[in-house]
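A.B. asks: Got a predicted structure plus its sequence, pasted below:
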Amino acid sequence: MTASDPRHPSGLATINPDLAAERASTPFDPLAITHFLDGSPNATARRRKLEAWISRDPSGVFSNDDNNYLHRTERHTRALAKFVRLVELCRAAGVGANTNTSSSDGSSDGGAVPHLEGEIVGTPEFQTLVYACADDPFPTSLHWVMFVPNILTLCDAAQQAHWLPLCRDWKVIGCYAQTELGHGSNIRALETTATFLKESDGGAEGGEWIIHSPTLTSSKFWPGTLGKTANHAMVIAQLIDGEGVNRGIHNFIVPLRDMNTHELLPGVETGDIGPKIGYNNMDNGFARFDGVKIPRRNMAMRFATVDENGKYGKVKGGNADAASKVAYITMMQVRAYIIHSSSEALAMACTIAIRYSAVRRQGYNADVEKKRETNAPNEFQVLDYRQQQYRLLPLLAASYAIFFTGKHVLSRLKDIENQLVAGSKSITKTVVGDIHATTSALKSYATSFTADGIEDCRKACGGHGFLVCSGLVELSQTYLQSCTVEGDNQMLPQQVVKVLLKLVGAMQAGDEGAMKEYEGTDMNYLIGPLKALMESGGDVPTQSTFAFAEGAPADAFLDVSALLTAFEHRSACLLLDVALQLQSSMGTSTQQQAWNDALLAMSRASKAHASYLLLRDFANGLAEEQQKGSASCLGPNELDVLSQSLTLLALYWTDQFLEDFLQIQCLSSSHIPHMRQALLNTMTALRPSAVGLCDARDFSDFRMKSALGRYDGDVYPAIMRAARADPLNTQSTDGGVGLGYDESLRKLIAGGAGEYRGTKKGQGLSGTVSRL
């Protein structure tokens, strides 16, 4: 590494000898994988340059050195200061200056960012700078994550022309207010109302909306940026038109605060919801509306309108279902970003744990006589213990799998959105349902796996993993919200299976026309196995029509195509089991009870679908890079190590979900020792690449904020520096007297408050209790 590399810590002199040895024996070039992840060598150089803007900014505002010792109120206000400085840097550097002005339909030519000229939030530079700040999400985050995208997709050209310049210039900072105190995933049950008031009935000229929170449970609760930061909200409410007809949920832009003083407007109450497990830079908020009036045109009117007389209608010439589909896509894009970000969060946790496991030594190594240092015990690297490899290496492999899948899903969603906005009829309900099932299954599985994986990485670091300075504590606490936000992970499998069951129904009915719509969808892989299963008949649990050969050796389980086939059949079998269970139960119980009884089976089927998609996208991504040949950033050695990672992950999940494979008889008990030997062999092959695969993610020390995961491996001095920086130490007297001694502890030690002086008659516990 050179001094121009933003990962280079100030004053770096040496690399820990164990980490240096790991890097010297790495059988591939980590930088080649870095270039692939970034998109190109130039993209890597650009990203590092942008990261350096933050880590070396002379203002010092981006420092995270004392984050662990600050109250959330201080974290919040400092995060606001950081964001303002970030915007200043963007403006000074001309970020966004060369983007093209959006066309009236929200699209843009030549691949330009679909924002106004000068808009920064949609640029790759802005996203890189936000990540480079290495802090909890900014309090302003929902402005560009949800508010602006909703304007772009759901507002008409005139509305965009009004609102987007205000957003670009940060005069308007918005949030997305959907979730309520009493309702989350069930958006049809939201209680907030938007009632149209005609001019003739006392409304403003042209009519207006009255936004109202009729009950306590209708209070908006949880939206990020809402508490104290946003001055506008995209409020999701039940639209009641001029005839008093409820038209269902629609989007409304509601001003919250005066744009000059930031004071709340009449009828609006907002506030922060209080401390959370993590994410405490963010002012997740509540809001109540007491008859708040907004202009008629503050309703998003790209696909549906209400005229001055309160008459509701769909926009002529548009896809009749476009509004609901685009709203769906917007929600799914957020889920896709959550999936994609899971790759980075899990990779960061693995980097910390694996580097530390390479540095940390424990347990006498009787197989090696040479000592590392004079008079030092000859101990194992913790990473050489098999249980540590089993805990960490599959997680590292999964971080790459999630990267490939996240990239694929985001690309597919963008394509669907562009077609919908352009009025294409090719995006059918089947296509939208498929991508909904994909994002729901992956969001549920990937985020749960990542949250558990981060915690496993923390535990794998032993006692030091319990220290906040490990970096793993905040990483875990910040990430945990991903398991609940944008659809609770325990509820999403129902939505997944509900979509997948439509495919089963079409196949059982022999509906060739309906089945043709599944071509090119993520569900398409199920058709072959399901057809074979239906032809073979049988009872629940369904028996797979694919099985590993009896007596298959360990090498047979290194065949990725065979492993993928096994995962295909697992998914098909578990899905068909759900369908057959429901069909059988409905004969003896209500539909609702039958559905409730099948929820556990649905969860297993959803996990099976998600794990197959992750492995498939990993395999397809590697195949695509291999086909590119010299045009790919990945050479043969890099492809080999990533292929080993794919194999390891497939074997690990086979071992983790062994019960499923045994149930469908894809595996038998005699296969287990051979499969586990293949798993052991793959861990052995991947072990020399572990640190290199972490280095390839190119996380700077500034971003990781970890004493344990430092690039130089100088772990123990870093732990001691963090300990000495604690206010309990820095605010002690020169003589080492700590806080609270004079006020309290002195009374015990020097004041005699706890001194035993014997007891007098009538004293003692029994006498004291009786007097009380």
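C.D. replies: Looks like it arrived, so ask away. Residues are numbered from 1 along each chain as shown.

A.B. asks: Give me the below-cutoff pLDDT ranges for the protein.
C.D. replies: The chain contains residues with pLDDT under 70 at 1-13, 99-115, 317-324, 327, 367-377, 538, 761-772.

A.B. asks: where along it do the strands fall?
C.D. replies: Ranges of strands in the chain, per DSSP state E, are 174-177, 193-197, 208-212, 220-221, 232-240, 246-255, 268-272, 285-289, 292-295, 304-306, 312-314, 361-364, 379-381.

A.B. asks: Give me whichever of the ones you listed is most buried.
C.D. replies: Ranked by mean neighbour count, the strands of the chain are led by strand 174-177 with a mean of 30 (mean count of other C-beta atoms under 10 Å). C-beta coordinates here come from the backbone N, C-alpha and C atoms, glycine included.

A.B. asks: just to revisit the earlier point, between the strands of the chain, which one is closest to Ser424.
C.D. replies: Ser424 lies closest, by C-beta to C-beta, to one member of the strands of the chain: strand 312-314, at 17.0 Å.

A.B. asks: Pull up the pairing partners for the closest one, direction included.
C.D. replies: strand 304-306 (antiparallel) (DSSP bridges).

A.B. asks: So which residues make contact with the partner strand?
C.D. replies: 196, 207, 239, 241-242, 247, 250, 296, 299, 312-315, 323 (C-beta atoms under 8 Å, 6 or more residues apart in numbering).

A.B. asks: before we move on, back to that, between the strands of the chain, which gets nearest to Val409?
C.D. replies: So among these, strand 174-177 is nearest, using C-beta to C-beta, at 20.4 Å.

A.B. asks: Give me the sheet partners of that closest one and which way each runs.
C.D. replies: Assessed with DSSP bridges, strand 174-177 is paired to strand 232-240 (parallel).

A.B. asks: tilt between the strand it pairs with and strand 285-289?
C.D. replies: With axes from the mean of the first three to the mean of the last three C-alpha atoms, to 10 degrees defining the directions, strand 232-240 sits at 50 degrees from strand 285-289.

A.B. asks: So Cys167 sits against Val148, correct?
C.D. replies: Yes - under the criterion of C-beta atoms under 8 Å, Cys167 makes contact with Val148 at 5.4 Å.

A.B. asks: Quickly list what's touching both of the two.
C.D. replies: Contact criterion C-beta under 8 Å, 6+ apart; residues shared by Cys167 and Val148: Val121, Gly174.

A.B. asks: re earlier: let me have the strands of the chain in JSON lines, extended by distance to Ala547.
C.D. replies: Output for the strands of the chain, formatted as JSON lines (distance: least, C-beta to C-beta, whole Å):
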{"stretch": "strand 174-177", "distance to Ala547": "48"}
{"stretch": "strand 193-197", "distance to Ala547": "57"}
{"stretch": "strand 208-212", "distance to Ala547": "60"}
{"stretch": "strand 220-221", "distance to Ala547": "50"}
{"stretch": "strand 232-240", "distance to Ala547": "49"}
{"stretch": "strand 246-255", "distance to Ala547": "48"}
{"stretch": "strand 268-272", "distance to Ala547": "56"}
{"stretch": "strand 285-289", "distance to Ala547": "54"}
{"stretch": "strand 292-295", "distance to Ala547": "62"}
{"stretch": "strand 304-306", "distance to Ala547": "53"}
{"stretch": "strand 312-314", "distance to Ala547": "52"}
{"stretch": "strand 361-364", "distance to Ala547": "41"}
{"stretch": "strand 379-381", "distance to Ala547": "39"}
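
A.B. asks: which two of the contacts of strand 304-306 lie the greatest distance from each other?
C.D. replies: Pairwise distances across the contacts of strand 304-306 (C-beta to C-beta) peak at 20.4 Å, for the pair Gly207 and Ala323.

A.B. asks: just to revisit the earlier point, between the strands of the chain, which one is nearest to Asp156?
C.D. replies: Proximity to Asp156 (C-beta to C-beta) singles out strand 304-306 among those, at 8.4 Å.
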